[in-house]
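starting from these lines, generate the structure:
(one chain, ligands or ions: 2)
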Amino acid sequence: MKIVHISAECYPIAKVGGLADVVGALPKYLNSSGEYAQVFMPFYNNKFTQENTFNTIFSSEILLGETPYNFNILVLEDSTLDFDVFFVDVPNLLFKEYVYSFEDTERFLAFQIATLDWLLTWHDYPDVIHCHDHHTGLIPFMLQESFKYEALRYIPNILTIHNAQYQGWFPHNKVHLIPAFNFDNVGLLDWGGTINPLAAAIKCAWRVTTVSPTYMEELKENANGLESLLSAESQKCSGILNGIDTNVWDPETDEFIVQNYSIKTVNKGAKANKKHLCEAFNLDETKPLFAFIGRLVHQKGTDLFPEIFKNALKNKNLNILLLGSGDPYLEESLSALKTEFEGNYNTYIGYDEKLSHIIYAGADFLLMPSRVEPCGLNQMYSLRYGTIPIVTKIGGLKDTVIDITEPNGFGFCHNSTDITEINETILRAVALYSKPTKYKRIRTQIMKIDHSWHASAQQYINLYNTLN
Ligand code: ADP
Ligand code: GLC
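Residues are numbered from 1 along each chain as shown. Ligands and ions are numbered 1, 2, ... in the order given. All right, here's what the predicted structure looks like:
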């Protein structure tokens with residue numbers, strides 16, 4: 001089966017969060033299962049595109065309303081990736097140093113139109129078009145409704161919702177940017193009086209998936225306004241838990257970390273990574289190290305950190321290291337705590353892939369007090385590296401972490417994002433750390449958990465098969 005993934009992000013080319021990890025891994029696993037998966041993504045002006053050479057295989061022009069834009073389809077000259085990537089280059093709109101910005105309506109509309117215009121020129125159409133998030137959410141609508149894409153209309157297409165908080169809204173006065181369609185059906189674009197690409201995709205895609213089964217259920221109750229739509233469309237919706245790329249995320253071979261280790265050598269190996277972190281960030285190596293890695297946004301519960309950290313650090317019996325960026329106010333208040341808790345607390349405000357790997361390897365516990373977590377990959381990486389996750393019992397976190405008090409449990413779950421409850425959970429983790437035998441047993445237990453993409457990729461293949 002030929003499967004085309006269309007996405008704004010793909011690791012290692014352009015990554016803001018977990019969407020990139022998924023689109024950089026699932027196609028690999030589909031290919032190793034005998035399918036033929038390709039990725040279409042925008043051509044950004046970033047490190048990856050600057051360091052590689054590309055060949056142009058197609059050039060043409062799209063119209064956004066009345067305005068023409070040139071576009072090219074590029075491929076890597078010497079690809080070392082495990083799947084084909086087609087880069088959609090719209091120089092005036094997409095070729096920026098960033099992935100997301102304020103003009104995303106035009107940028108991602110151009111991406112989607114150029115993608116479909118190019119697909120129209122293919123002799124062998126794909127068997128499945130797989131769209132990811134709202135940036136590609138108008139594709140199912142355009143396939144179904146736009147006159148110029150009639151030839152592509154019968155290609156099965158699916159939407160995966162990685163995060164329903166972001167929906168790509170834009171006003172109706174921009175509807176003319178979408179290639180001409182039967183205007184009687186303009187309602188398919190609308191949700192709540194505005195154009196909503198995610199809602200349009202939920203209505204028009206042949207199937208809709210979310211990145212964990214629990215998140216699918218939660219969306220019927222809490223989907224930033226799309227609850228009733230998701231309930232109405234529930235027949236075609238299902239949740240498939242993300243996997244992780246166990247070749248990229250492997251403590252035995254990871255080139256980013258300070259010392260590699262296996263299940264057998266985890267105590268020594270993780271300790272070497274912890275030592276490095278403690279030296280680099282002036283932390284106390286003899287105390288447990290709690291870490292956070294991620295976007296500093298409301299969804300992740302990070303606005304609760306200043307208070308949680310103050311409570312947790314007052315006895316100086318633990319360390320906290322935070323790697324992240326986002327809300328500037330929060331960046332500042334989290335940095336401000338450094339003086340008060342010098343020697344036990346530090347931050348790296350920014351994005352650093354290498355440091356994230358060292359933290360997964362060297363931390364003892366990983367904090368994830370998310371309010372919403374469609375899947376969450378961090379907890380799965382931390383499990384693979386022997387770092388015990390502390391999570392809110394929601395979404396994908398609920399599907400992947402079992403509290404230590406339950407049968408076969410290995411992590412720490414708090415039922416809510418109540419600060420007192422989170423601090424109590426941190427204390428439970430400190431108590432575990434003070435029992436080295438049990439702590440080490442859990443560490444080896446979690447490293448054995450298999451979250452590789454094999455099982456989930458097979459679920460996608462089964463889904464694609466139902467459409468062909
Ligand atoms: P989300 O996609 O909602 O941000 P996920 O848990 O699915 O959350 O994935 C986040 C991914 O981004 C992980 O690979 C994580 O390690 C990475 N990441 C997030 N913030 C940073 C950062 N500041 N530096 C390095 N990696 C980061
Ligand atoms: C989103 C979600 C995250 C998920 C990721 C990959 O960014 O916030 O929970 O793991 O997509 O699917």
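
what about Leu152, how many neighbours?
20 (other C-beta atoms under 10 Å). C-betas here are computed from N, CA, C, even on glycine.

show me what from the stretch 351-468 of the chain comes close to ligand 1.
Tyr351, Asp352, Glu353, Ser356, Cys375, Gly376, Leu377, Asn378 (C-beta under 6 Å from any ligand atom).

how far away is the closest residue to Asp89 other than its chain neighbours from ligand 2?
Nearest residue to Asp89, sequence neighbours excluded (C-beta to C-beta, 6 or more residues apart in numbering): Phe43, at 3.8 Å. According to C-beta to the nearest ligand atom, to the nearest Å, Phe43 and ligand 2 sit 22 Å apart.

for Phe43, give me phi and psi.
Torsion angles at Phe43 (phi, psi; degrees, to the nearest 10) stand at phi -100, psi 100.

repeat for Glu406
phi -100, psi 160.

distance of it relative to ligand 2?
From Glu406 across to ligand 2, the span is 23 Å (C-beta to the nearest ligand atom).

pretty sure Ile129 is touching Ile139, no?
Yes - Ile129 is in contact with Ile139 according to C-beta atoms under 8 Å; the separation is 6.6 Å.

any shared contact partners between these two?
Ile6, Asn157 (C-beta atoms under 8 Å, 6 or more residues apart in numbering).

where do the domain boundaries of the protein fall?
Domain assignment of the chain by automatic domain parsing yields the ranges 2-243+453-465, 266-447.

for Ala429, what are its contacts?
By C-beta under 8 Å, 6+ apart, the residues touching Ala429 are Pro288, Phe290, Asp364, Phe365, Ile388, Ile390, Phe412.

tell me the secondary structure for it?
Three-state call for Ala429 (DSSP: H, G, I helix; E, B strand; the rest coil): helix.

now the domains of the chain as a markdown table including distance to Pro251?
Output for the domains of the chain, formatted as a markdown table (distance: least, C-beta to C-beta, whole Å):
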| stretch | distance to Pro251 |
| --- | --- |
| domain 2-243+453-465 | 17 |
| domain 266-447 | 5 |
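
report pLDDT for the residue nearest the centre of the chain.
The centroid of the chain falls nearest to Gly18 when counting by C-alpha atoms, centre = their mean (1.7 Å). Gly18 carries a pLDDT value of 97.

which residues touch it?
By C-beta under 8 Å, 6+ apart, the neighbours of Gly18 are His162, Asn242, Cys375, Gly376, Leu377.

can we see that at 6 Å?
Applying C-beta atoms under 6 Å, 6 or more residues apart in numbering to Gly18 gives the contacts Leu377.

state the distance from it to Gly24.
Distance, Gly18 to Gly24, by C-beta to C-beta, to the nearest Å: 10 Å.

can you check Ser325 too?
Noted for Ser325: a distance of 21 Å to Gly24, by C-beta to C-beta.

which of the two has more neighbours?
Counted by other C-beta under 10 Å, Ser325 and Gly24 do not tie: Gly24 has more neighbours, with 25 against 17.

surely that one and Tyr11 touch.
Yes - the pair Gly24 / Tyr11 is scored as a contact, 3.2 Å apart, by C-beta atoms under 6 Å.

neighbours around Ala223, how many?
Residues lying near Ala223 (other C-beta under 10 Å) number 23.

apologies, that question was intended for Ala312.
25.

thinking again about what came up before, the residues of the stretch 351-468 of the chain next to ligand 1 in helices, which ones?
Glu353, Ser356, Asn378 (DSSP state H).

pull out the buried residues from stretch 212-223.
Of all the residues in stretch 212-223, those buried under the rule 16 or more other C-beta atoms under 10 Å are Ser212, Pro213, Thr214, Tyr215, Met216, Glu218, Leu219, Lys220, Ala223.

Met142 should be in a strand, yeah?
No - assessed with three-state DSSP, Met142 is helix; it does not lie in a strand.

now do the closest residue to it other than its chain neighbours, the pLDDT please.
Excluding its sequence neighbours, the residue lying closest to Met142 (C-beta to C-beta, 6+ apart) is Tyr149, at 5.5 Å. Tyr149 carries a pLDDT value of 98.

tell me which residue of the chain lies closest to ligand 2.
Gly18 (2.9 Å; C-beta to the nearest ligand atom).

quick one: that residue from Glu373, how far?
Note on Gly18: its distance to Glu373, by C-beta to C-beta, is 10 Å.

need the contact partners of stretch 226-237.
Ala199, Ile202, Arg207, Val208, Leu219, Lys220, Ala223.
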